[in-house]
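[1] I'll drop the sequence and a predicted model, then ask my questions.
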Amino acid sequence: MNKKRKTSEPDVSVDRISELPDDIIAKIMSCLTLKQAAATSVISTRWRYLWKHLYSGFFDFDGTTIIQDLKRQYYETSLWNPKNLSYVGKRKSPEFTSWVNQVLQTHKGSTIKRFRIIFDSSLLYKHAIDKWITLASSKSVQCLELDFSSSRLSRGPLPSYDFPPSSHCRFQSLTTLSLKYIRISVESFELLLIRCPNLEELNITDCPTLDHAGSPQSFKLYSCSLKRLTLWRCGINSKNRCTILAPNLLSLTYAPRVHLKPNLILEDVPRLNYLEIDYCLLSQFRNHLPQLQELVCDLKRCCNDHVNKPPEFPNLKNLTMKNEVGRLLSFRFLFAHLNAAPMLENLTIERCAVPMKRIWNIIEDHQYNKLKTIKFTSLVVTAKHVKLMNYLVSHAPQLEKIIIDVCPSLILGTPIEISYRQSIEYSKQKDDVINVTTSVPINITFL
């Protein structure tokens, strides 16, 4: 007589995840946010304190919501004025400070991979910020971000926090550093690079006090490890010339403050292949243009001299043109640089408004043999755009597709973008583009 084998069902009451070794649990923790990691304390008795010792991921202290709530509250009342707003902000700042202190005091782990603070620094005590940064440094922080710009209650004249916190604070494990709206002297800037021997990415934005203790003096930015550098609206001018010596630098994004005459010199950057810059400053880097593979240009201050004598880009593969490309001068720039970049494969044009019939008087009969992709952003397509597309298709034998994005460039990358792409207005604009471009004999992708 055959006996039926009884299949044993798994015991769902057994907590198998708690049986995993600590190194596996640590890897699981690293995939979680700070809030999610803290929530694991309710899984079981063993997990109650695990996150405090094993979590080393993203310590994100974003106080933007607190600031926005304060602004919303006081903009909607008749009693609003900047002094009241600042007063209430100072009453709210202990709430933010307590949050950061509680998390950092609770954490018993030895490492922190990423540490970010977003708040109005004028509402915080300097010693509190210093303590947080020093603690992150002692736990071998790899990515440090200080953003005191986007969350400010009011537009003050100057930043209020000095970085770095002390001469003894070192960042041996730091690979990425982002500073927004802080004060940093030239002396501190030079010492900072010495204290960060493994720094690969440095982003400095809206730091108008990058001067030499108020006196003019040149300084050098020297780093063997640096690969990506952003200097955006910093106080580098004719009085405090900055020379960059970074033999492994691959990417440079540079925009001076509007009222300052820029003075940035590239001396040792043999591997530089990406440059984002205002086009009128491009002549400063003429010796390095032949090595570029990607160029992002702001054409807001483009002039006739730039069009009549365009530099050569023998290795350029990607070109992006931003702002005011609707002017006739900007289109002269476009076609002059298409001719000056024989290896160009990808072209992006932002805010393209094709001028009237005059444009066809400046276009030469030229072949763009390597061009594969053309992208238009912030585009409301008309019959003139279709004519331009047909011209490019007929003169680019390797062209594979045209990408069109009707979303305004000002909201790209912001929370508003998601809601806009779900709106009826966006759907209507997209349908209009599809109907207008049916005569273009190539694959068109709509974002």
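    Structure's in. What do you need? Residues are numbered from 1 along each chain as shown.
[2] Contact partners for Ala341?
    313-314, 316, 319 (C-beta atoms under 8 Å, 6 or more residues apart in numbering). For the C-beta atoms, the positions are set from N, CA and C on the backbone; glycine is no exception.
[3] just the residues you listed now: which is nearest Trp47?
    Taking C-beta to C-beta as the measure, Leu319 is the one of the contacts of Ala341 closest to Trp47, at 52.2 Å.
[4] Who are the packing partners of the helix or strand where Gln36 lies?
    Gln36 is part of helix 34-39, with elements assigned from DSSP states H and E. With contacts taken as 3 or more C-beta pairs under 8 Å, 6 or more residues apart in numbering; DSSP states H and E, helix 34-39 sits against strand 58-62.
[5] Show the low-confidence segments of the stretch 251-400 of the chain, by residue range.
    Along the stretch 251-400 of the chain, segments meeting pLDDT under 70 span 258-262, 301-308, 323-332, 351-365, 379-380.
[6] 80 instead?
    Residue ranges of the stretch 251-400 of the chain with pLDDT under 80: 256-263, 279-281, 283, 299-311, 322-338, 350-366, 378-385, 387-388.
[7] quick one: the strands in it?
    Per DSSP state E, counting those that start in this stretch, the stretch 251-400 of the chain carries strands over the ranges 251-256, 264-268, 274-278, 294-298, 318-322, 346-350, 373-377.
[8] Among those strands, which comes closest to Asn198?
    It's strand 251-256; of the strands of the stretch 251-400 of the chain, that one is closest to Asn198 (C-beta to C-beta) at 17.3 Å.
[9] who does that closest one pair up with?
    Strand pairing for strand 251-256, using DSSP bridges, gives strand 228-234 (parallel), strand 274-278 (parallel).
[10] would CSV of these with distance to Tyr222 and mean neighbour count be doable?
    Shown next, in CSV, are those (distance: least, C-beta to C-beta, whole Å; neighbours: other C-beta atoms under 10 Å):
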stretch, distance to Tyr222, mean neighbour count
strand 228-234, 12, 20
strand 274-278, 20, 19
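[11] Now render those as CSV, adding distance to Ala39.
    Putting those into CSV (distance: least, C-beta to C-beta, whole Å) gives the following:
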stretch, distance to Ala39
strand 228-234, 34
strand 274-278, 40
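[12] circling back to that earlier point, next SSE after the helix holding Gln36?
    helix 50-54.
[13] Which among the contacts of Ala341 count as buried?
    Those of those that meet the buried threshold are 313, 316, 319, by 16 or more other C-beta atoms under 10 Å.
[14] Can you pull the phi/psi pair for the residue nearest to the first one when sequence neighbours are not counted?
    Distances taken as C-beta to C-beta, 6 or more residues apart in numbering place Ala341 nearest to Phe313, at 4.2 Å, with adjacent residues excluded. The phi and psi torsions at Ala341 (degrees, to the nearest 10) take the values phi -130, psi 80.
[15] Against Met321, how distant is Ala341?
    For Ala341, the distance to Met321 (C-beta to C-beta, to the nearest Å) stands at 12 Å.
[16] rewinding a little: let me have the strands of the stretch 251-400 of the chain in JSON lines, extended by distance to Phe335.
    Listed next are these as JSON lines, based on distance: least, C-beta to C-beta, whole Å:
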{"stretch": "strand 251-256", "distance to Phe335": "26"}
{"stretch": "strand 264-268", "distance to Phe335": "28"}
{"stretch": "strand 274-278", "distance to Phe335": "20"}
{"stretch": "strand 294-298", "distance to Phe335": "14"}
{"stretch": "strand 318-322", "distance to Phe335": "11"}
{"stretch": "strand 346-350", "distance to Phe335": "11"}
{"stretch": "strand 373-377", "distance to Phe335": "13"}
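[17] closest to Lys131 out of those?
    Set against Lys131 and scored by C-beta to C-beta, these come closest in strand 251-256, at 31.4 Å.
[18] And the buried ones among the contacts of Ala341, which is closest to Arg233?
    Relative to Arg233, the closest of those is Leu319; by C-beta to C-beta it sits at 23.7 Å.
[19] Tell me who's in contact with that closest one.
    By C-beta under 8 Å, 6+ apart, the contact set of Leu319 is 294-295, 297, 313, 337, 341, 344, 346-348.
[20] What mean pLDDT does the host helix or strand of His127 get?
    Per DSSP H and E, His127 falls inside helix 126-138. Across helix 126-138, pLDDT averages out at 89.
[21] Helices along the stretch 301-447 of the chain, start to end?
    Listed in chain order, the helices of the stretch 301-447 of the chain (DSSP state H, counting those that start in this stretch) span 304-308, 328-340, 383-395, 415-421, 424-436.
[22] Same list (those helices) but as a markdown table, adding mean neighbour count and distance to Arg233.
    Listed next are these as a markdown table, based on neighbours: other C-beta atoms under 10 Å; distance: least, C-beta to C-beta, whole Å:
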| stretch | mean neighbour count | distance to Arg233 |
| --- | --- | --- |
| helix 304-308 | 14 | 22 |
| helix 328-340 | 19 | 23 |
| helix 383-395 | 17 | 33 |
| helix 415-421 | 12 | 23 |
| helix 424-436 | 13 | 31 |
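[23] Name the stretch from those helices that approaches Ser122 most closely.
    helix 415-421 (24.9 Å).
[24] In CSV, list the C-alpha atoms belonging to that closest one.
    Provided in CSV are the C-alpha atoms of helix 415-421 (Å, rounded to 0.1, in the frame of the first residue of the first chain):
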residue,chain,number,x,y,z
PRO,A,415,8.9,68.9,-8.5
ILE,A,416,6.7,71.0,-10.8
GLU,A,417,7.9,69.0,-13.8
ILE,A,418,6.1,65.8,-12.8
SER,A,419,2.7,67.5,-12.4
TYR,A,420,3.2,69.5,-15.6
ARG,A,421,3.9,66.4,-17.7
